[in-house]
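A.B. asks: this one's structure only:
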């Protein structure tokens, strides 16, 4: 019973940190996917006096990735209904050129204003419409939720780290006598700390397996039946098999740091 | 005969020299000698013993044990030297979560001997100290005298060049003490091991020839 308790006291905080890491990674991936969706569905409108090439626009700001000319005839047909043919011709001559511009990355409102400023610096560009408000409203909400979650993950990681340190003190108390005696008789560091490393690595493996199983469950069972469109759409982003390697790496780093601190602080024979 | 322990102008101190324990002491101990070091409490007997197994480094002078200059030896060299020493403590220093047999073969385990060799040696040593029936027991199940016999068996496990003992009978009754002294006399006589014992009092029934040093007023003096 004591043996199981000792292991759980280390595995649970380790799992809390791993869950935090995985939540952060998953949320980051989901955000990327969401940003990519926003970026793909977004375009800004540029009005120019004369026709303009994409290369010229790219020179003005390197985030511009594509431009699509809006045919002036289409615009004319919509605004010249019931107008004489001669007058329509006059309108067409005085009509500026319209372009839809695509961006290569998602940028926030400040970024959009920077692009607008760069474009408007060109005398050929008459005006730029970024549609900034509708573009950023939903993303701001999403970013806010992300910030709150990150704060929670950070808080959870700090609390878990304290729990791990506490458990390390128990380990140090349990193992210091044996390690000091072994040191007196000339045991090298790896031999006298071998048992601790073995136990800690097993705990790291178990914590990784349990955390991976939780995320697999979320991905395979929960996300599919959640009814949340974003979850169902981004189901594959929730857990990737590469994440197991990442979680194991994080867990091993944590246990190696923890055990090394125990081993080093247990060195030296008591006076 | 060659010197197993050689101290020259040795000064031992704590707090970076502020608290001197021994000052400019010189002595030599040869192979196979049995040596008692006595002195009042706090005179520095145990400090000298710690210096001999490299736990405390000489503040000045030199201390050579088994050909290794302890002041200049690297940690790895000190570790290797300790594998050739047997050390016996007043408080036994046994690993309570291990069996008696595993405690006895600790020096062999550190030296990388096979499990078969360890098992054979554990049986032989426990028979020697008359504790064969406790091989699988925890040290906590043994009396103080029995625990110290395990300590002696552990010290003998690897036929050490030198055995250092810090008040080995300090916590024991007369009968248990006499058993421990017998075991140590045997080791010195039969294995030609150098034995250095720090103690308050030399046992009256001790039969082997021995040398006697007294630590007093930061110096060490041999009694002839």
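C.D. replies: Looks like it came in fine. Note that the structure is a prediction, hence the values are computed from the model and not measured.
A.B. asks: now stretch B:129-149: average pLDDT?
C.D. replies: For stretch B:129-149, the mean pLDDT works out to 94.
A.B. asks: is it positioned near chain A?
C.D. replies: No. Where contact is defined by Cβ under 8 Å from any Cβ of the partner chain, no part of stretch B:129-149 touches chain A; the two come within 11.2 Å at best. For the C-beta atoms, the positions are set from N, CA and C on the backbone; glycine is no exception.
A.B. asks: distance check, residue A:142 against chain B.
C.D. replies: Separation of residue A:142 from chain B (Cβ to the nearest Cβ, to the nearest Å) stands at 54 Å.
A.B. asks: kindly report the same for residue A:48.
C.D. replies: 76 Å.
A.B. asks: hmm, residue A:97 and that residue touching each other?
C.D. replies: Yes. With contacts counted by Cβ atoms under 8 Å, residue A:48 reaches residue A:97, the gap being 4.7 Å.
A.B. asks: looking at these two, which one has more neighbours?
C.D. replies: residue A:48 (21 against 17; other Cβ atoms under 10 Å in any protein chain shown).
A.B. asks: now do the contacts for that one.
C.D. replies: By Cβ atoms under 8 Å, 6 or more residues apart in numbering or on different chains, the residues touching residue A:48 are A:96-97, A:99, A:124-126.
A.B. asks: name the nearest residue to residue A:200, ignoring sequence neighbours.
C.D. replies: On the basis of Cβ to Cβ, 6 or more residues apart in numbering or on different chains, the spatially nearest residue to residue A:200 that is not a chain neighbour turns out to be residue A:255, at 3.9 Å.
A.B. asks: residues in contact with the helix or strand harbouring residue A:112: which ones?
C.D. replies: According to DSSP states H and E, residue A:112 maps onto helix A:109-120. When contacts are taken as Cβ under 8 Å, 6+ apart, the neighbours of helix A:109-120 outside the stretch itself are A:44, A:46, A:57, A:60-61, A:63-64, A:103, A:107, A:125, A:127-128, A:130, A:132, A:135-136.
A.B. asks: just give me the neighbour total for the residue of chain B found nearest chain A.
C.D. replies: In chain B, no residue comes nearer to chain A than residue B:82, which is 3.3 Å away by Cβ to the nearest Cβ. Residues near residue B:82, counting by other Cβ under 10 Å, number 22.
A.B. asks: picking up where we left off before, from the contacts of helix A:109-120, which one has the minimum pLDDT?
C.D. replies: residue A:135 (63).
A.B. asks: contact partners for the residue positioned nearest the centre of chain B?
C.D. replies: Relative to the mean C-alpha position of chain B, the nearest C-alpha, by Cα atoms, centre = their mean, is the one of residue B:164, at 1.7 Å. Residues in contact with residue B:164, defined by Cβ under 8 Å, 6+ apart, are B:49, B:52-53, B:85-88, B:196, B:198.
A.B. asks: tell me the SS of it?
C.D. replies: Here residue B:164 is strand, with the state taken from DSSP: H, G, I helix; E, B strand; the rest coil.
A.B. asks: which parts of the stretch 1-150 of chain A sit against chain B?
C.D. replies: Applying Cβ under 8 Å from any Cβ, we find that the stretch 1-150 of chain A lies next to chain B at no residue.
A.B. asks: low-confidence ranges, the stretch 1-150 of chain A, go.
C.D. replies: Using pLDDT under 70 as the threshold, the predicted model of the stretch 1-150 of chain A has low-confidence ranges A:132-136, A:138-139.
A.B. asks: circling back: please identify the buried residues of the helix holding residue A:112?
C.D. replies: By neighbour count, and taking 16 or more other Cβ atoms under 10 Å in any protein chain shown as the criterion, the buried residues in helix A:109-120 are A:111-112, A:115-116, A:118-119.
A.B. asks: stretch B:41-56 now?
C.D. replies: For stretch B:41-56, a neighbour-count test (16+ other Cβ under 10 Å) marks B:43-56 as buried.
A.B. asks: just give the nearest non-adjacent residue to residue A:38, would you?
C.D. replies: Distances taken as Cβ to Cβ, 6+ apart put residue A:106 closest to residue A:38, at 5.6 Å, once the chain neighbours are dropped.
A.B. asks: any idea how far chain B is from the one you found?
C.D. replies: Applying Cβ to the nearest Cβ, one obtains 56 Å for the distance of residue A:106 from chain B.
A.B. asks: run the chain-centre distance for stretch A:175-195.
C.D. replies: Stretch A:175-195 sits 43 Å away from the centroid of its parent chain (Cα atoms, centre = their mean, to the nearest Å).
A.B. asks: just stretch B:103-118 next, same as before
C.D. replies: Counting by Cα atoms, centre = their mean, stretch B:103-118 is centred 19 Å from the centre of its parent chain.
A.B. asks: mind listing what's buried along the longest helix belonging to chain B?
C.D. replies: Among all segments of chain B classified by DSSP state H, the helix with the greatest residue count is helix B:174-191. Within helix B:174-191, the residues that qualify as buried are B:176-181, B:183-185, B:187-188, counting by 16+ other Cβ under 10 Å.
A.B. asks: from the contacts of residue A:48, list just the buried residues.
C.D. replies: By neighbour count, with 16+ other Cβ under 10 Å, the contacts of residue A:48 hold A:97, A:99, A:125 as buried.
A.B. asks: what are the phi and psi angles of the first one?
C.D. replies: The one in question is residue A:97. For residue A:97, the backbone dihedrals are phi -100, psi 140 (criterion: degrees, to the nearest 10).
A.B. asks: what does residue B:66 give?
C.D. replies: phi 60, psi 30.
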